[in-house]
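Colleague: The amino acid sequence is not available; the structure is as follows:
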Ligand SMILES: Nc1ncnc2c1ncn2[C@@H]1O[C@H](COP(=O)(O)OP(=O)(O)OP(=O)(O)O)[C@@H](O)[C@H]1O
């Protein structure tokens, strides 16, 4: 069954065309990765699918809900980790998770159990009562990952899931994403880390110029192929010469 779809999405900001004509379809149980150059339209796509932004035209559907017509109902069923988002600076992670638990209608004892599991998984139990402004960027990212999954939604959208995380925690998050997908849930990530997409995604879409221009299943790559090759073939690979450093 289809979990996420868009049809002919178009979005302009003044004279900038962020999405030209974006159509995609993601089945339940897929871990889909959107790759693309800076400014390709990945974040704009996530914002529309999560009911944060209205497109100029086109349609979108998430678990049968319309994020354009009914953003509040759509958001009830999904988890969201936006790009470079921080927890409220004036709350501790524990207070923030209590707040999220209330908004998401999760019983208090279930919030406590899940927070215990996440603080262990991501190694930040000792920071639960530290006000968030005093957390490092990586610790803030751990809090934001936890809030996205706290209500165990069937669909989760994450912009750069591994941003600012140390290598050990990155491995744990990758393992979790794959296990969450294996449990039948659907995850949409946007990332510039092609090797991470190749490792964890069941399917990757390359977005460029506000359109989906190619799709690839990492599991179907040949022995001498990489996702980076697919990316460069579709998006271009010329690297400008670096001049003026010779002889130093
Ligand atoms: N609020 C805005 N006002 C004006 N232009 C915007 C706005 N948000 C995005 N854009 C433009 O829309 C285009 C698509 O931006 P978007 O953030 O969706 O790209 P992206 O693929 O997520 O990029 P990156 O990989 O750099 O995060 C870019 O040209 C960007 O400058």
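Modeller: Nice, thanks for sending it over. All values derive from a computational prediction rather than experimental measurement.
Colleague: which bits of this structure sit near the ligand?
Modeller: Residues of the chain that fall close to the ligand, judged by CB under 6 Å from any ligand atom: 13, 16, 18, 36, 38-44. Every C-beta, even on glycine, is put in place using the N, C-alpha and C of the backbone.
Colleague: ok, and the most crowded of the residues you listed?
Modeller: Taking other CB atoms under 10 Å as the neighbour criterion, residue 42 ranks highest of the residues of the chain next to the ligand with 28 neighbours.
Colleague: Spit out the contact partners of residue 227.
Modeller: The contact partners of residue 227, by CB atoms under 8 Å, 6 or more residues apart in numbering, come to 35, 194-195, 197-198, 204, 216, 218, 221.
Colleague: now, among these, which is nearest to residue 126?
Modeller: Nearest to residue 126 among those is residue 195, at 30.9 Å by CB to CB.
Colleague: in the protein, which spans are strands?
Modeller: 2-13, 16-27, 31-35, 57-62, 78-81, 155-159, 186-190, 203-208, 211-216 (DSSP state E).
Colleague: right, and those - which one's nearest residue 126?
Modeller: strand 78-81 (22.4 Å).
Colleague: How many residues are close by the nearest residue to residue 124 once chain neighbours are set aside?
Modeller: Of all residues not flanking residue 124 in the chain, residue 142 sits nearest, at 4.8 Å (CB to CB, 6 or more residues apart in numbering). By the measure other CB under 10 Å, the count of residues near residue 142 is 23.
Colleague: Contacts only, for residue 142.
Modeller: 118, 122-124, 165, 169.
Colleague: right, and residue 51 touches residue 74 too?
Modeller: Yes. Residue 51 is within contact range of residue 74, at 4.9 Å (criterion: CB atoms under 8 Å).
Colleague: on that earlier part again, now render the strands of the chain as CSV, adding mean pLDDT.
Modeller: Formatted as CSV, the strands of the chain follow (pLDDT from 0 to 100):
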stretch, mean pLDDT
strand 2-13, 98
strand 16-27, 97
strand 31-35, 98
strand 57-62, 98
strand 78-81, 97
strand 155-159, 97
strand 186-190, 98
strand 203-208, 97
strand 211-216, 95
